[in-house]
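> Sequence and predicted structure below; questions after.
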Amino acid sequence: METLQDTSNTILQLSYALDTFYFLMCGALVMWMAAGFAMLEAGLVRAKNTVEILTKNIALFAVACTMFLLCGYSIMYPGQGEGEIIPYLGFLLGSENELSSVLKGGEDAPYYSTRSDFFFQVVFVATAMSIVSGAVAERMKLWSFLLFATVLTGFIYPVQGYWKWGGGFLDAKGFLDFAGSGVVHMCGAAAALAGVLLLGPRKGKYTAKGQVNAIPGANLPLATLGTFILWLGWFGFNGGSQLKLADVENANAVAQIFVNTNAAAAGGVIVALIIARLLFGKADLTMALNGALAGLVSITAEPLTPSAFAATFIGGVGGGLVVFAIILLEKLKIDDPVGAISVHGICGIWGLLVVPLTNNEASLWSQLLGIVMIFGWVFITSLILWYVIKLLVGIRITEEEEFAGTDLVECGMEAYPEFTSTKA
């Protein structure tokens, strides 16, 4: 006959299994965002740079996963690997202690597998690096970019991640960032800004007379598909950050997070489209796409506590900000082909600042402190790293190579060879 203890253990194991499965599936959704970034960026660059941008996206994902495994996770969560010769080797090879802790129950019992936590965190790192990819597109050397990715994912990102999510000083100061408006998105934007400033604009983007020349992307259907993939993946991004599902309170919280995430994206699209119509006299698709992402970034800092209407407002403001931010960067001659700095940087800051309006545990002072520390750390270290790479191997292709396109120069192939005109 099954005892009360056996029943309790069964319930604990089922809860543990459900939370772990949910965590893993959310991580898989976030991993799918890598495809979204790849499609978005491939659609917004010129055809001659498509293969290279796709190569960067799949390579950076592999680099991020490897570097976070080797050292990044141990930097970000230093308490997990105590007693191991190589931090975190233990949790990858076996964890009988986890099952024992689950069966014992109590406040210290884990409610998901440590391995699932690693998987969820590693796809966040790749997301931050994907932001950099689009901003430096069409004129950066592929291997210089991957060298930077190695250091950012293995060291720069984990350090500031520890400050908040690893129990560091920003967490102690009350800084709130539920799913990463600052830790992930502003981090990626700061690294991108440092690279863009050293890299300079694409040839022909700005004239000596101050004129800004539009350089349209080659495949807007692909960019739109990428945006929808990112929108879908964001449910895992924000929903998974609740960390737990297997009880009524957390299940309801996850549902609220999904609703708010979707509402914010919708609000961002609507406001960005309206403002673009008012400013340009046309319905600008690229602004609508960036408006969706702006709304998603804006709600990421706190997707649980706002009402659905408040989330729509937060996302809508983000959608408006991104239009003006893109225009401002153009005037400052900061060339960002996909609008990544505006979407993830400006709207990441907005998302962090608005948290105190819906969450009583947040304070404006703590949020400002987090913004300054994260942006300052990532921007300064990235600027130094980009500069060192520039001195050692260079970061920019030549003007002739840029004219020919990075596909042929860096990858030796074309994305659309059948569209190339040839002479008989």
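That came in fine, so what should we check first?

> what residue ranges in the chain score low on pLDDT?
1-2, 4-6, 79-112, 419-424 (pLDDT under 70).

> Not counting residues beside it along the chain, what's closest to M67?
In this structure, M67 finds its nearest non-sequential neighbour in G154, 3.5 Å apart by Cβ to Cβ, 6 or more residues apart in numbering. In short, each C-beta sits where N, CA and C put it, glycine included.

> Could you measure from the one you found over to T207?
Per Cβ to Cβ, to the nearest Å, G154 is found 40 Å from T207.

> Check G168 too.
46 Å.

> surely H185 meets I131?
Yes. Using Cβ atoms under 8 Å, H185 makes contact with I131 at a distance of 6.8 Å.

> what touches both of the two?
Common neighbours of H185 and I131, using Cβ atoms under 8 Å, 6 or more residues apart in numbering, are H344.

> who's more crowded, the two?
Under the criterion of other Cβ atoms under 10 Å, the comparison of H185 against I131 puts H185 first, with 31 against 26.

> pretty sure the more buried one belongs to a helix, no?
Yes. Per DSSP: H, G, I helix; E, B strand; the rest coil, H185 lies within a helix segment.

> Burial check on the nearest residue to E401 once chain neighbours are set aside, number of neighbours?
Beyond its immediate neighbours in the sequence, the residue positioned closest to E401 (Cβ to Cβ, 6+ apart) is V409, lying 4.3 Å away. For V409, the neighbour count with other Cβ under 10 Å is 19.

> do the same with I11
The burial count for I11: 12, using other Cβ under 10 Å.

> Just the element for it, please.
Taking DSSP states H and E as the definition, one finds I11 inside helix 4-44.

> list the helices and strands that helix packs on?
Secondary-structure packing of helix 4-44 (3 or more Cβ pairs under 8 Å, 6 or more residues apart in numbering; DSSP states H and E): helix 50-67, helix 96-104, helix 114-135, helix 220-239.

> Tell me what angle that helix forms with helix 220-239.
Between helix 4-44 and helix 220-239, the angle comes out at 150 degrees (axes from the mean of the first three to the mean of the last three Cα atoms, to 10 degrees).

> chain center to helix 4-44: distance?
For helix 4-44, the gap between its own C-alpha mean and the chain's C-alpha mean amounts to 17 Å (Cα atoms, centre = their mean, to the nearest Å).

> Check stretch 159-167 too.
16 Å.

> Helices of the stretch 251-400 of the chain, start to end?
Using DSSP state H, counting those that start in this stretch, the helices of the stretch 251-400 of the chain run over 285-300, 308-331, 340, 347-353, 355-358, 364-392, 399-404.

> C-alpha coordinates for the last one, PDB please?
Taking Å, rounded to 0.1, in the frame of the first residue of the first chain, the C-alpha atoms of helix 399-404 are listed here in PDB:
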ATOM      1  CA  GLU A 399      36.200  49.500 -49.700                       C
ATOM      2  CA  GLU A 400      36.700  47.300 -52.700                       C
ATOM      3  CA  GLU A 401      35.500  44.200 -50.700                       C
ATOM      4  CA  GLU A 402      32.600  46.100 -49.400                       C
ATOM      5  CA  PHE A 403      31.600  47.000 -53.000                       C
ATOM      6  CA  ALA A 404      31.800  43.400 -54.000                       C
END
